[in-house]
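1. After the sequence you'll find the predicted model.
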Amino acid sequence: MDLREVVASSVREQRELLEQGALSARELIEATLDGIEQAGELNAFTRVMHEQAIAEAIERDQQRAAGADLGPLHGIPIAVKDEIDVAGVVTTFGTRANTTPAAADAEVVRRLRAAGAVIVGKTTMPEFGQWPYTESSTYGLTRNPWDRTRSTGGSSGGSGAAVAAGLVPVALGGDGGGSIRIPAACCGLFGLKTQRGRVPTAPNAHLWWALGVLGPLTRGVLDSAIVYDVIRGCTPADRFHAPDPVLSFEDAARRTLTGLRIGVSTKSHTMLAGPDPEHVRAVHDTAELLTQLGHTVIEVDPDYPDFTFAFYPQFYGGVRAEIPLVDHPERLERRTRQTVAVGAWARQPVVEWAMRRGEALARKADRIFDHCDLLLTPTIAHRPPRVGVLDGANTVRAQVASIPMVAYTGLWNVTGHPAAALPAGIATDGLPLSVQLVAPANGEPTILSVAAQLEQVRPHPSPL
């Protein structure tokens, strides 16, 4: 058994080996930690939890030896974006401004551990997740495993790099404007942004108000579904609550659907960034596959609402809400201090208005699904750029540079609709292509079913 291949395998494959006793949790975690150390040039991690992870793995092996009931993620290594609390570890938010370790696990981390997962480290992100590029003055540039001169996207770029490089099968991210889907697109991964209120943000009441959700990046659809079944379900501490779906996400990923109406559009949400021709081709190729799978493909011209006035108050208000969580705000990047100053107007009443505006836009966007069950679009407008996009950029220039990355994703954060990025082959530049599936409210099971069907006929590519 080649441990390097095991580390780079799926949750399902690792789980089978652990259940069969062919592999111990300690062996898997030690091999995982070795792989992370050897891939340091990617800059995917801000903190690797060597001692804690091995101690957890030993505990998992002891539980198995004692005949205890084992959770669905028993012994599986998982990384966590550095905006999510892990007990005893500083939650950096991608900055050097925080120094106090978290007192307790965030609810999603607690659930992962209760299911048997082993947390191996925290992953890189730009300060406060502001940008769709994983670059900061504190942690430097995170590099794409497909081409180390290219960006992983962001803001969950460290999580994307760690999974794409086969260092871990799962890494948690957060998505407040595309920050799960964008790294998934750049790194050839599957990344589902669930409906708002599906996954707890506790101990925080929200993540960038109504914009943000937490969730995994994985190489395959089934792995994502397995993890979501562990972490989904809101708590009283969460501001937003989504109803529990009738079907488990894992069952949804394993079923076969036919006869769905798939709306197809390559229209951007903004006039400032049109789609790369290869992204248009990826959408059309995917539409052809969907037809072969028994679905009806419909060309649509969505009347996308302008989400600017609903997005930016929550963006600025979200960053401002996280500033009090750090110990030394004077250590923040110049660019972040500019964001705070420019967004001084984004106070509570304005943010509350923006959220109400978002609810109105969601009702308008719902009309798209009067004529289709899913919407197929590009995930990002341009190809993944070379690293260093944010070098020397102030907050305004950084926002302008972000437009091509969020041109297809940001609206769905404002409206709360489920949306997922899924691999769609390889472009001529050697980097992965990606398409986005968007669903009406509570439509995650439909996305998972169709994404799994596409994965069956077009296996996801890998840089390994």
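-> Ah, there it is.
2. hey, let's count contacts and neighbours off CA atoms from now on
-> OK.
3. Assess the claim that Glu30 and Ile54 are in contact.
-> Yes: the pair Glu30 and Ile54 passes the contact test of CA atoms under 8 Å, sitting 6.9 Å apart.
4. what's the distance between Asp105 and Val168?
-> Separation of Asp105 from Val168 (CA to CA, to the nearest Å) stands at 20 Å.
5. Those two: which is more packed in?
-> Between Asp105 and Val168, Val168 has the larger neighbour count (other CA atoms under 10 Å), namely 28 against 18.
6. thought the more buried one was touching Ala8?
-> Yes: applying CA under 8 Å, one finds Val168 in contact with Ala8, separated by 6.7 Å.
7. Helix, strand or coil: sort out Gly215 for me.
-> strand (DSSP: H, G, I helix; E, B strand; the rest coil).
8. since we're on it, how many residues are nearby?
-> By the measure other CA under 10 Å, the count of residues near Gly215 is 27.
9. So Gly154, which state does it fall into?
-> Using three-state DSSP, the structure places Gly154 in coil.
10. got it, and Asp306?
-> Three-state call for Asp306 (three-state DSSP): coil.
11. Arg4 touches Ala31, doesn't it?
-> Yes: at 7.1 Å, Arg4 and Ala31 qualify as touching, with contact defined as CA under 8 Å.
12. Can you work out which residues contact both of those two?
-> By CA atoms under 8 Å, 6 or more residues apart in numbering, Arg4 and Ala31 have no common neighbours.
13. which residues touch Pro169?
-> By CA under 8 Å, 6+ apart, Pro169 lies in contact with 7-11, 77-78, 163, 218-219, 223.
14. Can you give me the pLDDT of it?
-> Listed pLDDT for Pro169 reads 98.
15. From Ala237, how far off is the nearest residue to Ser136 once chain neighbours are set aside?
-> In space, and not counting its chain neighbours, Ser136 is closest to Pro126: 5.3 Å by CA to CA, 6 or more residues apart in numbering. Going from Pro126 to Ala237 by CA to CA gives 26 Å.
16. Between the two, which is the more surrounded one?
-> Taking other CA under 10 Å, Pro126 and Ala237 do not tie; Pro126 has more neighbours (29 against 14).
17. Just the pLDDT at that one, thanks.
-> Note on Pro126: pLDDT of 98.
18. same deal with Ala115?
-> For Ala115, pLDDT reads 98.
19. Skipping adjacent residues, who's closest to it in space?
-> Per CA to CA, 6+ apart, closest to Ala115 is Gly71, 4.2 Å.
20. Look at the one you found and tell me its secondary structure.
-> Following three-state DSSP, Gly71 is assigned to coil.
21. Can you give me the neighbour number for it?
-> The tally of other residues near Gly71 (other CA under 10 Å) stands at 14.
22. and it, backbone torsions?
-> phi -80, psi 170 (degrees, to the nearest 10).
23. now Pro378
-> According to degrees, to the nearest 10, Pro378 has phi -60, psi 160.
24. So it sits against Ser434, correct?
-> Yes: counting by CA under 8 Å, Pro378 does reach Ser434; the two are 6.7 Å apart.
25. Common neighbours of the two, please.
-> By CA under 8 Å, 6+ apart, the residues touching both Pro378 and Ser434 are 279, 282.
26. now for the strand or helix carrying Val280, which elements pack on it?
-> Using DSSP states H and E, Val280 sits in helix 277-292. Where contact means 3 or more CA pairs under 8 Å, 6 or more residues apart in numbering; DSSP states H and E, helix 277-292 is packed against strand 296-299, strand 374-378, strand 419-426, strand 432-438, helix 444-457.
27. Would you mind putting the ones you listed into a markdown table with distance to Arg111, mean pLDDT and mean neighbour count alongside?
-> As requested, these are exported to a markdown table (distance: least, CA to CA, whole Å; pLDDT from 0 to 100; neighbours: other CA atoms under 10 Å):
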| stretch | distance to Arg111 | mean pLDDT | mean neighbour count |
| --- | --- | --- | --- |
| strand 296-299 | 39 | 98 | 17 |
| strand 374-378 | 30 | 98 | 27 |
| strand 419-426 | 23 | 98 | 27 |
| strand 432-438 | 27 | 98 | 27 |
| helix 444-457 | 20 | 98 | 21 |
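28. now the ones you listed in TSV, with distance to Ile36?
-> Formatted as TSV, these follow (distance: least, CA to CA, whole Å):
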stretch	distance to Ile36
strand 296-299	42
strand 374-378	31
strand 419-426	24
strand 432-438	22
helix 444-457	27
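29. quick revisit: list the contacts for the residue nearest to Ser136?
-> By CA under 8 Å, 6+ apart, the contact set of Pro126 is 93-95, 133-136, 154-155.
30. before we move on, what about Arg254?
-> Residues near Arg254 by CA under 8 Å, 6+ apart: 222, 449, 452.
31. any idea how far the second one lies from Trp353?
-> When CA to CA is the yardstick, Ser449 and Trp353 sit 36 Å from each other.
32. Equivalent analysis for the first one, please.
-> Here the distance between Leu222 and Trp353 works out to 38 Å (CA to CA).
33. Please enumerate residues in contact with stretch 448-463?
-> Under the contact criterion CA under 8 Å, 6+ apart, stretch 448-463 has outside partners 145-146, 164-165, 188-189, 219-222, 225, 249, 252-257, 286, 289-290, 293, 422-426, 432.
34. wait, stretch 25-42
-> Stretch 25-42 is contacted from outside by 3-4, 6-7, 18, 48, 50, 53-54, 57-58, 60-61, 75-77, 118, 120, 142-145, 148, 161, 167-168, using CA under 8 Å, 6+ apart.
35. from the residues you listed, which ones fall inside helices?
-> Secondary structure assignment by DSSP state H places 3-4, 6-7, 18, 50, 53-54, 57-58, 60-61, 161 of the contacts of stretch 25-42 in helices.
36. what's the farthest-apart pair in those residues?
-> Across the ones in helices among the contacts of stretch 25-42, no pair lies farther apart than Asp61 and Ala161, at 28.5 Å, counting by CA to CA.
37. Which residue of those two possesses the greater neighbour count?
-> Using other CA under 10 Å as the criterion, Asp61 and Ala161 rank with Ala161 on top: 34 against 17.
38. Contacts only, for that one.
-> By CA under 8 Å, 6+ apart, Ala161 lies in contact with 42, 44, 142-145, 152, 187.
39. and if you look at Leu214?
-> Neighbour list for Leu214: 172-175, 193, 199-201 [criterion: CA under 8 Å, 6+ apart].
40. same thing but at 6 Å, please
-> If a contact means CA atoms under 6 Å, 6 or more residues apart in numbering, then Leu214 has 173-174 as its contacts.
41. in the sheet, who's paired with it?
-> Under DSSP bridges, the beta-bridge partners of Leu214 are Gly174.
42. Pick out the residue nearest the middle of the protein.
-> Nearest to the geometric centre of the chain sits Ile180, at 2.3 Å (CA atoms, centre = their mean).
43. No further questions, thank you.
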